[in-house]
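In: Here is my input, please return the structure:
(one chain, ligands or ions: 1)
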Amino acid sequence: MRVVINGSAGQLAGDIIDVLREAGDEVLGFDLELDITDYATVMQEMPALRPDLVINAAAHVNVDDAELKPELSYRVNFTGTQNLALACQKMDCPLVFFSSDYVFDGRKGGAYNEFDGTNPQGVYGRAKVAAERYIQSVLDRYYICRCQWLFGTYGKRNFVKSILRNAREKGELSVVTNEVGSPSYCRDIAEMVVALAKSGRYGIYHTTNSGFCSRYDFAREILELAGMGDVSVKPILYSDLNLPCPRPPYSPLENLNRKLQGFPPARHYREGLAEYVEWLLREGG
Ligand SMILES: NC(=O)c1ccc[n+]([C@@H]2O[C@H](COP(=O)([O-])OP(=O)(O)OC[C@H]3O[C@@H](n4cnc5c(N)ncnc54)[C@H](OP(=O)(O)O)[C@@H]3O)[C@@H](O)[C@H]2O)c1
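Out: Coordinates of the predicted model:
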């Protein structure tokens, strides 16, 4: 399979590229040098690449920045995706798109599945919902994969790296208790997404590891695994941080559609986390 992946320098893209190459697929990766927000470039360059599959892993992921610069967020997360969807329509090619638990308000009181209605509370979530709807309006062949709390070997930053860095530099941490979700190991998510993208079973999928926890409990688990369990972690509330973007307070994603379509269940995030922290410590991260 010949796969074009946009946002190829990103965290999740790195593992997807590895999984595809290990399976013998041909991967053409592009990051900012193929600006997905540039309609003319996308419509000219994407068809010339003759992909069998397009994976849009390009995004503006900073949810607080999105509140301060909404136009930038909508441009990358909505318009960029719109451009790739139009290119896929022209090429008659399936598209993989990554969405988020931020499409939900987090007030359901339980995990969200793919049949729950969306109600985004911030710019990033609204851009993702708009992109999901646009894809569904122009393409028959799409995989909308909603992810959450990613950590992996590629990319610039993630929660696990930040916790370990802050623990080393500051010796104590403050972490929120009132945000609950499903941490997800990029290698596991990459394997899931590639299996989906080769299945022909188009649709919306929640693609996370199983299990869920609060940010606070996640931080404690990370420190324990890294042998830094003695670092003090002060429990705080999101409101203490005065951040511009409202977080969904309780938004674990249940992978119900994957189950309905007969895909194997995801492993628990703790298994991926243990592997990942071991790798980070080996790499000196
Ligand atoms: N990370 C999470 O916890 C999380 C949670 C839920 C959903 N998701 C979704 O999962 C997907 C992958 O996330 P990720 O964490 O792997 O993201 P990431 O590491 O930020 O990767 C995104 C890549 O896209 C690039 N990019 C930005 N604007 C672009 C443009 N106009 N044209 C081409 N490339 C552009 C970025 O470059 P720069 O870095 O230089 O801007 C970056 O290399 C995204 O759709 C994200 O919204 C992520």
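In: show me the contacts for the residue of the stretch 1-150 of the chain found nearest the ligand.
Out: When scored by Cβ to the nearest ligand atom, the stretch 1-150 of the chain has residue 10 as its residue closest to the ligand, at 2.1 Å. For glycine as for every other residue, the C-beta is placed from the backbone atoms N, C-alpha and C. Counting by Cβ atoms under 8 Å, 6 or more residues apart in numbering, residue 10 touches 31, 57-59, 154-155.
In: Also within reach of the ligand: list those from these.
Out: Among the contacts of residue 10, proximity to the ligand is found for 31, 57-59, 155 (Cβ under 6 Å from any ligand atom).
In: Can you lay out those as a markdown table showing distance to residue 132?
Out: Output for the ones next to the ligand among the contacts of residue 10, formatted as a markdown table (distance: Cβ to Cβ, whole Å):
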| residue | distance to residue 132 |
| --- | --- |
| 31 | 23 |
| 57 | 15 |
| 58 | 16 |
| 59 | 13 |
| 155 | 23 |
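In: quick one: least confident of these?
Out: Within the set of these, pLDDT is lowest for residue 155 (86).
In: So it sits against residue 14, correct?
Out: Yes - between residue 155 and residue 14 there is a contact under Cβ atoms under 8 Å: 6.6 Å.
In: Can you pick out the residue with more neighbours from the two?
Out: residue 14 (21 against 18; other Cβ atoms under 10 Å).
In: Return the residues in contact with the closest residue to that one other than its chain neighbours.
Out: Leaving aside its chain neighbours, residue 14 sits nearest to residue 154 (2.7 Å; criterion: Cβ to Cβ, 6 or more residues apart in numbering). Contacts for residue 154 (Cβ under 8 Å, 6+ apart) come out as 10-15, 186.
In: if we go to 10 Å?
Out: By Cβ atoms under 10 Å, 6 or more residues apart in numbering, residue 154 lies in contact with 8-18, 186-187, 190.
In: again with residue 166
Out: 172-175, 219, 231.
In: right, and out of those, which lies closest to residue 195?
Out: Distance ranking of the contacts of residue 166 against residue 195, using Cβ to Cβ, places residue 219 first at 30.7 Å.
In: Which helix or which strand is home to that closest one?
Out: For residue 219, the host element (DSSP states H and E) is helix 215-225.
In: Can you name every helix or strand that the helix ranked longest in the chain contacts?
Out: Counting residues, the longest helix found in the chain (DSSP state H) is helix 123-138. Using 3 or more Cβ pairs under 10 Å, 6 or more residues apart in numbering; DSSP states H and E, the elements in contact with helix 123-138 are helix 63-68, helix 70-73, helix 81-91, strand 95-100, strand 142-147, strand 203-206.
In: Run through the bridge partners of the most centrally placed residue in the chain.
Out: By Cα atoms, centre = their mean, the chain has its centre lying nearest to residue 147, at 4.1 Å. Assessed by DSSP bridges, residue 147 has beta-bridge partners residue 100.
In: hang on, the residue nearest to residue 14 in a helix?
Out: No - per DSSP: H, G, I helix; E, B strand; the rest coil, residue 154 lies outside any helix segment and is coil.
In: And residue 285, what's its pLDDT?
Out: Looking at residue 285, its pLDDT stands at 67.
In: Rounded mean pLDDT for stretch 208-218, please.
Out: Throughout stretch 208-218, pLDDT has a mean value of 98.
In: And the strands in the chain, which stretches?
Out: Using DSSP state E, the strands of the chain run over 2-6, 26-30, 53-56, 95-100, 142-147, 150-151, 172-176, 180-181, 184-185, 203-206, 213-214, 232-236.
In: okay, the ones you listed in CSV with distance to the ligand next?
Out: Formatted as CSV, those follow (distance: least, Cβ to the nearest ligand atom, whole Å):
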stretch, distance to the ligand
strand 2-6, 6
strand 26-30, 7
strand 53-56, 7
strand 95-100, 3
strand 142-147, 4
strand 150-151, 4
strand 172-176, 15
strand 180-181, 9
strand 184-185, 7
strand 203-206, 11
strand 213-214, 14
strand 232-236, 20
